[in-house]
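1. prediction below, plus the sequence it came from.
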Amino acid sequence: MGELLDLILDFERKLLLLIKDLVVQPKKVANSIINKDKIYLGAFKFYTLATSAWIIFFQLGNKYFDFFSEDFVLPERLINYLQSEQDFAFLIAPFAGLTEFFIPFAVINWLLFRKRELSWLNHITLNIYIAGFLLIYALPWFLILFVLSSTSLDGGLINIIAYLSVIITPILYYSWVYLKIFGRKKFFSFAKPLCTVLAICYLSISFFLNEPFHELIHRKLFFRKYNQFSPVPDEALLSSYTIIDSLVRETPEKNFFAADLVHSLTQNTNASVLGEYDRNLMTYTYSLSLNSEGVTRNVALHSASFNQTQFFSISQPDTSNLFFVLQNNLMAVYSDTLKIIIIDQSGINSKPAIFTDHLNVLSNIVKIDSSYIFSGMFRSTKEPIVGRMNLSSNTAENVYTFNGMQNFFIDNLSTNRSTELQALMSHDDKGKLREVRWIHGKITNEGFKQTSEISLYKNEFSPTINFYNGFLHRSRLTNLNDSISIAAFQIMTDSSFAISMTKINTVQKKSEWSTILTLPADFSYNDELLADSMNIYLLGRGASVFHKGLTLDYYQLPYVLKINKQTGQSEGVRFLEMERKWTGYYLPNLESIYTMASTAYQDQHYIYWLLGGRHYYKIDKSKL
């Protein structure tokens, strides 16, 4: 027992002495390496200890710290993939740092300081000591940075602290160590290792000796069992593709951009919102962009500017040029800042009105006879409502409340025959989708009278997660004719999204068929549902996640999925081209697939689809 205690105390003494001398007297460590006097802990023992501390810290941190935000909404397989990607990066960091950085540092510095006492093997030993010390040095900084990130401290300041503590300080320390050991000519003793560090770091990143190579190994080790889809554009010429780049550009003073997260339901126009950011004033202004068969007109939505980005939804209830624009602060579905802006036939916007008691930014507006019907929710009770909108007085009339249906949202509202109304309603429970219902009723002078409903989806045990700003399941409801409607919405599976689609006989109040559709992509997101007398069309985007090769970039391509209206079976999916150099093709992260604005309409022969305010497609139905 006494010998074991002596070993522990000797180990502790050598370890603490090594850390102290690496901080204040690195030349003593170098002399010990040359003399082989064993007054310090061995280099590989020290590095093994530092690596073990790194792995233990990370595993504990991964358990107790939330590395993903509350809005990190992805299918389980992709969350597991990104989590394992993070795990892999942290676990491989000590080994990658040693083999890719510190051993090359040692070899090159041996050549630069060849006339000095240290052999090439001594240089490698010294660099292993330095690598182990920097691992230990980095551990508390990761904890400090995590704590700072959870406070109200400015993000830019946190980035500066991280840059100085985790990048600049280790580089300067490395150069200082060589200055202390080989300090005869102080400038060159400091400059040589500094240039070595900068050059090798640059080469490692530039020639894929760092993250992409590790990511390739990661995918091969952990995710090779999954199918890897690499969507490519269909070779047949299905559509004309145009980049509308004049509306999205940058100048030294301003940034012109297409707004994300815009909900748009139009009849004969592609409607999007264009933003303008003034870099000097740090304010935003917005306009409505209406594009019909390549002809674009812009209408200013307001005269004042905003200090923060805004969230919009656009409704065109019929084929007239009357548009309803709902506007609110981004991330605020319900608030006193909600405004409704009505664009009349001459393109001049009305004075913004506030409907905060009834409307929210996700409300739908449709036309029945000469009346405009809206969906919404009472903020106090969280119960869904429908009502008639009085445009002259900016008030709500004949409001009908769905009593006892707290936290149900009317996702989609549609007319069916002259005075009949249908809606898709979803039950949101703490950010998760539990149920979807189809509701049918009539509009009378007294209000809405419900006549029937069908449950389309119900999951009490493992509900589908919703998205923080608009519904992730992207429900759509459209009419084939006076007696048939198509309802579709997304449900999240373990691996991606599937699309649940139901054909509803609105006369007999029953479903004729129901199907689940999946896409040949690692990850997919559906944007639009269109239908004509012959077929149903789903428009969306498929992403490549588990792609092959060294690149780390996720990319997406638009798709058109054609469905037989009689059977509900897919008749094939076609991917469309997307210019790589423009915003939209590459995904900076997987969740950004949700944010791209989409707007589409159709005529007898073509589908007109605008993505992200600049990717314009005119799709020939006959070639699908």
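-> Everything's here; your move.

2. buried stuff in the longest helix along the chain?
-> In the chain, taking DSSP state H as the definition, the longest helix is helix 120-149. Buried residues in helix 120-149, defined by neighbour count with 16 or more other Cβ atoms under 10 Å: 122-139, 142, 148. From N, CA and C alone the C-beta is placed, and that goes for glycine too.

3. do stretch 280-287 as well
-> By 16+ other Cβ under 10 Å, the buried positions in stretch 280-287 come out as 284-287.

4. contacting residues around stretch 386-402?
-> Applying Cβ atoms under 8 Å, 6 or more residues apart in numbering, the contact partners of stretch 386-402 are 340, 342, 353, 355, 357-358, 365, 371-376, 378, 381, 383-385, 408, 410, 413, 421, 423, 425, 443, 445-450.

5. swap the cut-off to 6 Å and go again
-> Residues outside stretch 386-402 that contact it (Cβ atoms under 6 Å, 6 or more residues apart in numbering): 353, 358, 371-372, 374-375, 383-385, 447-448.

6. tell me the pLDDT at the closest residue to Asp527 other than its chain neighbours?
-> With sequence-adjacent residues excluded and distances taken as Cβ to Cβ, 6 or more residues apart in numbering, Asp527 is closest to Ser598, at 3.8 Å. pLDDT for Ser598: 91.

7. what about Ser598, distance to Ile340?
-> Distance of Ser598 to Ile340, given as Cβ to Cβ, to the nearest Å: 22 Å.

8. the stretch 251-400 of the chain: strands as residue ranges?
-> 254-258, 262-265, 270-278, 283-292, 295-300, 310-315, 323-329, 339-343, 365-368, 371-378, 383-390, 395-401 (DSSP state E, counting those that start in this stretch).

9. any chance of these in JSON lines, plus mean pLDDT and distance to Arg541?
-> Listed next are those as JSON lines, based on pLDDT from 0 to 100; distance: least, Cβ to Cβ, whole Å:
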{"stretch": "strand 254-258", "mean pLDDT": "87", "distance to Arg541": "15"}
{"stretch": "strand 262-265", "mean pLDDT": "86", "distance to Arg541": "15"}
{"stretch": "strand 270-278", "mean pLDDT": "89", "distance to Arg541": "16"}
{"stretch": "strand 283-292", "mean pLDDT": "88", "distance to Arg541": "19"}
{"stretch": "strand 295-300", "mean pLDDT": "82", "distance to Arg541": "23"}
{"stretch": "strand 310-315", "mean pLDDT": "86", "distance to Arg541": "20"}
{"stretch": "strand 323-329", "mean pLDDT": "84", "distance to Arg541": "24"}
{"stretch": "strand 339-343", "mean pLDDT": "82", "distance to Arg541": "28"}
{"stretch": "strand 365-368", "mean pLDDT": "86", "distance to Arg541": "27"}
{"stretch": "strand 371-378", "mean pLDDT": "84", "distance to Arg541": "27"}
{"stretch": "strand 383-390", "mean pLDDT": "85", "distance to Arg541": "30"}
{"stretch": "strand 395-401", "mean pLDDT": "81", "distance to Arg541": "36"}
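
10. out of these, which is closest to Asp37?
-> strand 254-258 (62.6 Å; Cβ to Cβ).

11. which neighbouring elements make contact with the closest one?
-> strand 270-278 (3 or more Cβ pairs under 6 Å, 6 or more residues apart in numbering; DSSP states H and E).

12. could you dump the strand it packs on to CSV, C-alpha only?
-> This file holds the C-alpha atoms of strand 270-278, laid out as CSV (Å, rounded to 0.1, in the frame of the first residue of the first chain):
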residue,chain,number,x,y,z
ASN,A,270,-45.9,34.5,-57.4
ALA,A,271,-45.8,36.7,-54.4
SER,A,272,-42.7,37.3,-52.3
VAL,A,273,-41.3,39.9,-49.9
LEU,A,274,-38.2,41.8,-50.6
GLY,A,275,-36.2,43.4,-47.8
GLU,A,276,-33.8,46.3,-47.8
TYR,A,277,-31.2,46.6,-45.0
ASP,A,278,-29.6,50.0,-44.4
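
13. quick one, the helix or strand that contains Ala50 and helix 120-149 angle?
-> Using DSSP states H and E, Ala50 falls within helix 43-64. Interaxial angle, helix 43-64 versus helix 120-149 (axes from the mean of the first three to the mean of the last three Cα atoms, to 10 degrees): 20 degrees.

14. list the buried residues in stretch 407-426.
-> Using 16+ other Cβ under 10 Å as the test for burial, stretch 407-426 gives 408-416, 420-426.

15. burial measure for Phe58, as a count.
-> Look at Phe58: counted by other Cβ atoms under 10 Å, it has 19 neighbours.
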